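Generate a structure from the sequence data that follows.
(chains A, B, C and D)
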There are 2 protein chains.
Amino acid sequence: MKLVPRYERLQLQVHRFPTLDPSAIETCIAMLRLSNELTGAYEAHFSRHGLSQGRFVVLVQLFLAEDAGGTLSPAEIAELASCSRATMTGLLDTLEKDGLVSRVDHPEDRRMYSVHLTERGRELMQGMLPDHYRRTAALMAHLSQDERETLRALLAKVSTGVPALRDP
Amino acid sequence: MKLVPRYERLQLQVHRFPTLDPSAIETCIAMLRLSNELTGAYEAHFSRHGLSQGRFVVLVQLFLAEDAGGTLSPAEIAELASCSRATMTGLLDTLEKDGLVSRVDHPEDRRMYSVHLTERGRELMQGMLPDHYRRTAALMAHLSQDERETLRALLAKVSTGVPALRDP
DNA sequence: GCAAAATTGTTAGGGGCCTTACTAGATGCC
DNA sequence: GGCATCTAGTAAGGCCCCTAACAATTTTGC
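As a prediction, the model looks like this:
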């Protein structure tokens, strides 16, 4: 979603459309724009390791689950990654083909299996996570702890307006 | 990009990865999550009018240009919409097929043409924009003018960190 | 003038993610 | 036990956007 209109010209329409709230649009566009920049930057970073956003989230969730001594089913990963089970099948297919994860049959329920990091997948995560975390820290380096909290609070406030944007 | 990891489990890794900055990640995830909500809500809204984000941006830019008494080439729309010229070709193909825009040959330069709203396209915009603007106003209704300004300032501050996220 | 360079829009092919519809297996209700 | 129902994962197809290579045309530089 890179398609965000420029703001300048909107001023032309203020008199024609009484429902137009310039500061609302300006703020909304600022969020969408930043989110595009962010997504693009993360994508560039991930692609240097042969990953996409989706592939990374799968691997990092497996890495975290492993740390916690557990294992995950496709449906659980899909839930953790906020995507559909069908999308997860596709992600796991290519991750397995690339030798980063393996599918292990469930001993009792033959519909299910669990997903495991391979040694290669584990090494990829261990190798890239320090850099990944460092980059995210750098992204926020210009904001104090107070500013980060304020930002989160304001984002949460915007979030309460989303139903009004979506609903009727 | 709906794939954003849950935050809780990250706490497990703080001791293993010295570069991990929990409040940076938490704030970043909050932004990406909200942006997903926002994008999804806008998509739902647009699809009720037979549009997507991209299709809408094209039409609204043409509508604005018309208001300003001008006309746009595909390359100019692509620039305004922040997408590639190739993507614009595809968007214009389907918009033309749906009778919402028309292509008009450039009188002097035979490589180029300009894009115009059809009557039907213009009516679609006039019909949906009041609702569209009203929804965006509703999204931000819970934030005061001061809060909106603060939010934009903080987003701008985050934006200065993006190169550090992307670069080397 | 005229070949080289630059520019416009298009085509071809691919990646990522989605939704819908399906298959195989487990579970529950009589 | 047997049939309806639910669930897990998959397959197929679509949308949106990208890059790279291309044809047609204009501009530039000798």
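
tell me, what residue is most central in chain A?
The centre of chain A sits closest to A:Gln53, judged by CA atoms, centre = their mean, with a distance of 6.4 Å.

so that one makes contact with A:Glu43?
Yes. At 6.4 Å, A:Gln53 counts as touching A:Glu43 under the criterion of CB atoms under 8 Å. Quick note: C-beta positions are derived from backbone N, CA and C, even for glycine.

what's the distance between the longest helix along chain A and the middle of its chain?
Looking across chain A with DSSP state H, the single longest helix is helix A:22-47. Helix A:22-47 sits 13 Å away from the centroid of its parent chain (CA atoms, centre = their mean, to the nearest Å).

Output the set of residues of chain A in proximity to DNA strand D.
Applying CB under 7 Å from any atom of the strand, we find that chain A lies next to DNA strand D at A:1-3, A:73-75, A:85-86, A:88-89, A:92-93, A:103, A:111-113.

and the angle for the helix or strand following the longest helix of chain A with helix B:22-47?
Scanning forward in sequence from helix A:22-47 by DSSP states H and E, the next helix or strand is helix A:53-67. Interaxial angle, helix A:53-67 versus helix B:22-47 (axes from the mean of the first three to the mean of the last three CA atoms, to 10 degrees): 140 degrees.

how about the helices in chain A?
Using DSSP H, helices in chain A cover A:22-47, A:53-67, A:74-81, A:85-97, A:119-139, A:145-159, A:162-166.

Give me the mean pLDDT for the last one.
Right, helix A:162-166. Averaging pLDDT along helix A:162-166 gives 91.

how about it: buried residues?
By neighbour count on 16 or more other CB atoms under 10 Å in any protein chain shown, the buried set for helix A:162-166 is A:162, A:164-166.

wait, does stretch A:133-149 contact chain B?
Yes. With CB under 8 Å from any CB of the partner chain as the criterion, chain B is reached by stretch A:133-149 at A:133-143, A:145, A:147-149.

what's the neighbour count on A:Tyr113?
By other CB atoms under 10 Å in any protein chain shown, the residues close to A:Tyr113 number 17.

and the buried residues of helix A:162-166 as JSON lines, adding distance to B:Ile25?
Formatted as JSON lines, the buried residues of helix A:162-166 follow (distance: CB to CB, whole Å):
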{"residue": "A:Val162", "distance to B:Ile25": "22"}
{"residue": "A:Ala164", "distance to B:Ile25": "29"}
{"residue": "A:Leu165", "distance to B:Ile25": "26"}
{"residue": "A:Arg166", "distance to B:Ile25": "27"}
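
contacts with chain B among these, please.
By CB under 8 Å from any CB, the members of the buried residues of helix A:162-166 lying near chain B are A:162, A:164-166.

How about the residues of chain A by DNA strand C?
Those residues of chain A that sit near DNA strand C, judged by CB under 7 Å from any atom of the strand, are A:52-55, A:82-84, A:86-87, A:90-91, A:94, A:108-111.

Most neighbours of all the residues you listed, which one?
Top of the residues of chain A next to DNA strand C by neighbour count (other CB under 10 Å): A:Leu91, with 22 neighbours.

Mind giving me the packing neighbours of the longest helix of chain A?
Contacts defined by 3 or more CB pairs under 8 Å, 6 or more residues apart in numbering or on different chains; DSSP states H and E place helix A:22-47 against helix A:53-67, helix A:119-139, helix B:22-47, helix B:119-139, helix B:145-159, helix B:162-166.
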